[in-house]
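A.B. asks: Using only what follows, build the 3D model:
(2 chains)
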Amino acid sequence: EAQVTQNPRYLITVTGKKLTVTCSQNMNHEYMSWYRQDPGLGLRQIYYSMNVEVTDKGDVPEGYKVSRKEKRNFPLILESPSPNQTSLYFCASSELAGGPYNEQFFGPGTRLTVL
Amino acid sequence: AQSVTQPDIHITVSEGASLELRCNYSYGATPYLFWYVQSPGQGLQLLLKYFSGDTLVQGIKGFEAEFKRSQSSFNLRKPSVHWSDAAEYFCAVGELVMRFGAGTRLTVKP
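C.D. replies: Residues are numbered from 1 along each chain as shown, chains lettered A, B, ... in the order given. Below you'll find the predicted structure:
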């Protein structure tokens, strides 16, 4: 089954404790992206990647890191989480063939709470 | 910079009634526009998209949207709403950098 998976689905942590949220897709998509969803703000893009070793900032990259060492994986790293990073996080992927405007397939989300 | 505004935070319609969800965008060139739906506790699913050509686009689940350049709008419509359409709807614009509206939550009354 074609899908985007994220782990963990739920995470409660404390300020300053490094964490990684994994994202993996099995559709051989070139493009992957991370979003955070907050009430009243919709989704805001954190980082995106057009292919292996190619990443770029979205609108809200501060406090986050990403890496793209393999095509299928795009982990989101919070080196020193703070309470304002409490949010619902989504990973998404899409093809790039034909242009960067194909349907994005979203993972199920990771709900992160930073105390 | 690109931006998207969804003026309605919450809309309630009766089952069987028609629906229109508003979306206004700000973009310097021809926009790439999308409508996504998010059911409770789920990720987002694409309903439809517009890049060029016919300004009325058809999507899944009986939804359609009309691109109006003069009004900078891309409103989503459905002629007859079903209870299963209750969800949150997001309009989005962009290419590599995607910008989403704040969303419109749809409640369907029996």
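A.B. asks: so what's the most centrally placed residue in chain B closest to, chain neighbours aside?
C.D. replies: Taking Cα atoms, centre = their mean, the centroid of chain B lies closest to B:Trp35, which sits 4.0 Å from it. In space, and not counting its chain neighbours, B:Trp35 is closest to B:Leu47: 4.4 Å by Cβ to Cβ, 6 or more residues apart in numbering or on different chains. Placement of C-beta: from N, CA and C, glycine included.
A.B. asks: where along chain A do the strands fall?
C.D. replies: A:4-7, A:10-13, A:19-25, A:31-38, A:42-51, A:54-57, A:65-66, A:76-78, A:87-94, A:105-106, A:110-114 (DSSP state E).
A.B. asks: so how far is the third one from its chain's centroid?
C.D. replies: From the chain centre to the centre of strand A:19-25 is a distance of 7 Å (Cα atoms, centre = their mean, to the nearest Å).
A.B. asks: Buried residues, it. List them.
C.D. replies: A:Leu19, A:Val21, A:Cys23, A:Ser24, A:Gln25 (16 or more other Cβ atoms under 10 Å in any protein chain shown).
A.B. asks: ok, the first one touching A:Leu78?
C.D. replies: Yes: assessed by Cβ atoms under 8 Å, A:Leu19 is found in contact with A:Leu78 at 5.2 Å.
A.B. asks: Quick check: residues of chain A near chain B?
C.D. replies: Proximity of chain A to chain B (Cβ under 8 Å from any Cβ of the partner chain) is limited to residues A:4, A:31, A:33, A:35, A:40-45, A:48, A:50, A:56, A:58-59, A:90, A:92, A:99-101, A:103-104, A:106-109.
A.B. asks: 6 Å instead, please
C.D. replies: A:40-43, A:45, A:58, A:100-101, A:103, A:106-109 (Cβ under 6 Å from any Cβ of the partner chain).
A.B. asks: Filter those residues down to the buried ones.
C.D. replies: Using 16+ other Cβ under 10 Å as the burial test, the residues of chain A next to chain B include A:Gly42, A:Leu43, A:Gln45, A:Gly58, A:Pro100, A:Tyr101, A:Glu103, A:Phe106, A:Gly107, A:Gly109 as buried.
A.B. asks: quick one, what contacts the fourth one?
C.D. replies: Translated: A:Gly58. Contacts for A:Gly58 were tallied using Cβ atoms under 6 Å, 6 or more residues apart in numbering or on different chains; they are A:Gln45, A:Ile46, A:Tyr47, A:Tyr48, B:Val97.
A.B. asks: Skip the chain neighbours and tell me the closest residue to the closest residue to chain A within chain B.
C.D. replies: At 3.4 Å from chain A, B:Gly43 is the closest residue in chain B, using Cβ to the nearest Cβ. Of all residues not flanking B:Gly43 in the chain, A:Phe106 sits nearest, at 3.4 Å (Cβ to Cβ, 6+ apart).
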